[in-house]
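1. what follows is a predicted protein model with its sequence.
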Amino acid sequence: MPTGGTDKVMRSQSVVARIVAGETLLVPIRGKVGDLASIYSFNATGTLIWKLLESPKSVGELALAVAETYEVEPARAQSDVEQFVGEMKAVGLVEIPASVAMAGD
């Protein structure tokens with residue numbers, strides 16, 4: 001992720017999310033079947049980010065929401081959100097929207 005955090009990301013269409021006992025659980029879909037060996041669980045901060053990614057958002061936008069919601073330093077929120085989004089991207093939970101990807105080609 002660039003330091004500026006301006007690239008937009010959004011939820012992957014290949015993931016199903018459910019809230020169970022106050023936790024957000026995500027199950028990747030592979031070959032039309034849930035990959036139960038790869039279930040991800042998010043805490044409150046991860047859940048906030050996941051909800052915000054209903055529509056494309058930049059890391060900067062996500063970090064601002066985290067900083068405001070949890071009253072943390074913006075630089076700390078930026079760093080933590082960059083890392084979290086990078087990890088989600090690496091395992092296929094988020095993706096760059098097609099319209100943004102095409103514009104960059």
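-> Structure received. Just so it is clear, the structure is predicted and the values come from calculations on it, not from any experiment.

2. list the residues that contact residue 30.
-> residue 14 (CB atoms under 8 Å, 6 or more residues apart in numbering). In short, each C-beta sits where N, CA and C put it, glycine included.

3. next: residue 23.
-> 41-43, 47.

4. ok, and the closest non-adjacent residue to residue 12?
-> residue 95 (4.9 Å; CB to CB, 6 or more residues apart in numbering).

5. how about residue 8?
-> Here the residue nearest residue 8, using CB to CB, 6+ apart, is residue 56, at 4.0 Å.

6. do you know how far the one you found is from residue 62?
-> Note on residue 56: its distance to residue 62, by CB to CB, to the nearest Å, is 11 Å.

7. more neighbours: which of the two?
-> residue 62 (23 against 18; other CB atoms under 10 Å).

8. surely that one is in contact with residue 82?
-> No - contact criterion CB atoms under 8 Å: residue 62 and residue 82 do not qualify, at 9.1 Å.

9. which strand or helix spans the residue lying closest to residue 70 once chain neighbours are set aside?
-> Leaving aside its sequence neighbours, residue 70 sits nearest to residue 45 (CB to CB, 6+ apart; 6.7 Å). Assigned by DSSP states H and E, residue 45 belongs to helix 44-52.
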